[in-house]
Every structure is written in C-alpha cells, then in structure tokens.
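Peer 1: Here's my sequence, what's the structure:
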Amino acid sequence: MVLQEFRFVEIGRVAFIAYGKEKGKLCVIVDVIDQNRALIDGPCTGVAKQQLNFKSLHLTQFKLNIPRSVRTGTLKKQWEKEKLTEKWEQSTWAKKIAQREKRTSMSDFDRFKLMKAKQSRNRLISREVIKLQKQIKKQPPKVKKIRKRVSKK
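Peer 2: Residues are numbered from 1 along each chain as shown. Below is the predicted model of the structure:
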C-alpha cells in the first residue's frame, strides 16, 4: 500500500511560482480570492503581497500554521521560526532545480570535462565487471549432493 501525500490549496500552503516575473521563488498562500486566484506573499524570498492564478503555482509539501490574511511581518516571523528556507534547500525538488541551473550555466569546456569524467568512470566499472565475470567462470559449478533415503525395517 502506497501512501499518497495530498497537497491542497489552503491558507499557509507554501507554493513554488512556475510562471511570471516572480518565476522560481517561494511564496505562501495567505488567502483564497476565488476558485482561480489566491493572495500570496513571500517576505523572505522577495515576493510582494499580490494575487496570483493557481495555474502559475506549484504546491509544495510544506505548510505554515497561519491565520487568514496575515500581515507580512507575522508571516516572516513564522517563516523564520519554521526554518522554511533551509527545509526547501534540503528537498529533492530544490536540488533538482539547482542541478538543472548548474548544467545550463556550464561552458563547452565544462561539458567536455564532464563527458571525459563519465567515460573514465564507465571504463573502470566495465573493467571490474569483466574481472568478476572471469572469476565466476573459473569457479567449478557446485554439485548438489543427493541424499539417499534409508528405509527403516
């Protein structure tokens, strides 16, 4: 049985902004305006309090316990108390984004060095695999012992 984690649109849900001028930043849903828009705020990431469409938000697993329409200062205190920035940086999602950015910023020479490093690693691995395969071939096959049944009469 696999437990699924549901991420609902709710007050205090931390979201990743996927589109727009604030793309790539974290924010918190402060209030729900209607079925298409939310009031968001990101005091520690430089996102001003504004309304944003749900389509441009990707909900994260993190949630802050805050009341509706909380002020920016209170939200900032709660953010720092929960150490949300550190939690985000430790998540696999943030690590993948950082890795993607690192790869796009590589120069041709960096990509060449990476290719050569992968080739040498793969050569070492294949050599070791070949050695292990040869050792297995040299060993004689294991013979199963057949037990004879002794009748008790």
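Peer 1: ranges for the strands of the protein?
Peer 2: Assigned by DSSP state E, the strands in the chain fall at 13-17, 26-32, 37-42, 47-53, 57-63.
Peer 1: Please tabulate the ones you listed in a markdown table, including the columns mean pLDDT, distance to Lys81 and mean neighbour count.
Peer 2: Any C-beta I mention is one placed from the backbone N, CA and C, and that applies to glycine too. As requested, the strands of the chain are exported to a markdown table (pLDDT from 0 to 100; distance: least, Cβ to Cβ, whole Å; neighbours: other Cβ atoms under 10 Å):
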| stretch | mean pLDDT | distance to Lys81 | mean neighbour count |
| --- | --- | --- | --- |
| strand 13-17 | 94 | 14 | 21 |
| strand 26-32 | 94 | 13 | 22 |
| strand 37-42 | 94 | 16 | 21 |
| strand 47-53 | 93 | 19 | 15 |
| strand 57-63 | 93 | 13 | 17 |
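Peer 1: got the ones you listed as CSV, with distance to Arg71 columns?
Peer 2: Putting the strands of the chain into CSV (distance: least, Cβ to Cβ, whole Å) gives the following:
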stretch, distance to Arg71
strand 13-17, 17
strand 26-32, 9
strand 37-42, 9
strand 47-53, 9
strand 57-63, 19
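Peer 1: of all these, which lies closest to Lys76?
Peer 2: strand 37-42 (9.0 Å; Cβ to Cβ).
Peer 1: helices and strands around that closest one, which ones?
Peer 2: When contacts are defined as 3 or more Cβ pairs under 8 Å, 6 or more residues apart in numbering; DSSP states H and E, strand 37-42 packs onto strand 26-32, strand 47-53.
Peer 1: how about those strands in a markdown table, adding distance to Glu128?
Peer 2: Shown next, in a markdown table, are those (distance: least, Cβ to Cβ, whole Å):
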| stretch | distance to Glu128 |
| --- | --- |
| strand 26-32 | 43 |
| strand 47-53 | 50 |
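Peer 1: Between those strands, which one is closest to Lys83.
Peer 2: Lys83 sits nearest to strand 26-32 of all the helices and strands packed on strand 37-42, at 12.9 Å, using Cβ to Cβ.
Peer 1: picking up where we left off before, among the helices and strands packed on strand 37-42, which comes closest to Arg149?
Peer 2: Short answer: strand 26-32, nearest of the helices and strands packed on strand 37-42 by Cβ to Cβ, at 72.4 Å.
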